[in-house]
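> task: produce atomic coordinates for the following.
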Amino acid sequence: MSIPEGKYIYFASDNHLGAPTKEASLPREKKFVAWLDHIKQDAVAIFLLGDLFDFWMDYKKVVPKGFTRTLGKLAELSDSGIPIYYFVGNHDLWMNGYFEEELNIPVFHKPQEFIFNRIAEGTRSTFFIGHGDGLGPSDKGYKRMKKVFTNSFCKWLFRWLHPDLGVRLAQYLSVKNKLISGEEDAKFLGEDNEWLVQYCKRKLEKKHHDYFVFGHRHLPLNITLNEKSKYLNLGDWINYYTYGVFDGKTMELKTFG
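From the prediction side, this is the model:
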């Protein structure tokens with residue numbers, strides 16, 4: 001992907017729209033939409049790294065009610081020609097075609113490598129991007145849960161629940177279960193105990209990446225892994241309102257508003 005002069009690549013994650021209630025999340029949703037409006041003039045691409053919603057599931061004929069402002073703005077930006085890439089998180093594992101069909105937004109269920117080139121300077125940067133859930137040596141409780149959540153038979157059983165019941169049940173569990181929400185460890189544990197840091201270091205043993213960019217931890221982090229590689233966590237849009245911006249040479253974390 002090429003980055004023309006004066007253009008930038010933007011990253012955000014962990015909005016958890018709808019939590020803890022529709023009324024409580026509405027101001028955060030409006031702020032996120034304002035951010036999308038703010039960056040649309042110079043965005044060459046936007047990466048959303050999961051948990052945009054506190055719960056999302058694509059039924060065959062139904063999607064969860066609400067989030068009209070966010071979905072409408074994403075449709076507007078996509079229609080204007082700005083590519084948007086979505087990585088599912090642990091709260092929206094069940095995306096299955098709606099974003100691709102309605103918004104023209106590709107959805108990734110695993111981390112991906114991207115290469116960004118700054119045309120004017122002739123620079124080349126490699127990124128490894130994902131939500132971050134279930135990676136590294138820890139997070140074992142969630143890893144067990146994820147196997148259940150992504151099991152095709154379990155998803156088939158869940159779809160037999162009426163959406164009114166299924167969505168209400170999922171929203172209740174999503175808000176109440178801190179292990180699922182990722183809020184159980186929402187404090188910096190030190191580099192030696194941060195499992196995503198350990199995961200990045202292990203990946204570097206096999207292949208170099210200039211930047212590892214993840215969400216999920218709800219903490220804005222910018223950690224140097226070695227002299228040529230960094231790990232950044234995007235924080236969230238609940239407490240920090242942080243986002244990443246890459247100008248072709250340097251990746252930074254910034255705060256909106």
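> please count neighbours and contacts with C-alpha atoms only from this point.
Fine.
> does R69 count as helix, strand or coil?
helix (DSSP: H, G, I helix; E, B strand; the rest coil).
> S229 - how many residues pack around it?
S229 has 18 neighbouring residues, counting by other Cα atoms under 10 Å.
> that one contacts Y211, doesn't it?
Yes - with contact defined as Cα atoms under 8 Å, S229 counts as touching Y211 (5.7 Å).
> any weak-confidence spans in the chain?
Along the chain, segments meeting pLDDT under 70 span 119-120, 138-150, 155, 170, 172-185.
> can you give me the helices for it?
Remark: helices assigned in the chain by DSSP state H are 22-39, 68-79, 98, 140-149, 152-159, 163-176, 178-181, 195-206.
> what about C154, neighbour count?
So C154, with other Cα under 10 Å, has 12 neighbours.
> likewise H38?
By other Cα under 10 Å, 12 other residues sit near H38.
> how about K61?
Neighbours of K61 using other Cα under 10 Å come to 6.
> what about it, distance to L161?
Separation of K61 from L161 (Cα to Cα, to the nearest Å): 13 Å.
> tell me which residues form a beta bridge with F47?
F11, Y85 (DSSP bridges).
> now do it against D79, distance only.
16 Å.
> those two: which is more packed in?
Looking at F47 and D79 with other Cα under 10 Å, you find the greater number of neighbours at F47, namely 18 against 12.
> tell me who's in contact with that one.
For F47, the contact set (Cα atoms under 8 Å, 6 or more residues apart in numbering) comprises 9-12, 84-87.
> in a markdown table: those, plus neighbour count and distance to R202.
Shown next, in a markdown table, are the contacts of F47 (neighbours: other Cα atoms under 10 Å; distance: Cα to Cα, whole Å):
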| residue | neighbour count | distance to R202 |
| --- | --- | --- |
| I9 | 20 | 26 |
| Y10 | 24 | 26 |
| F11 | 22 | 23 |
| A12 | 27 | 24 |
| I84 | 22 | 29 |
| Y85 | 18 | 25 |
| Y86 | 22 | 25 |
| F87 | 27 | 21 |
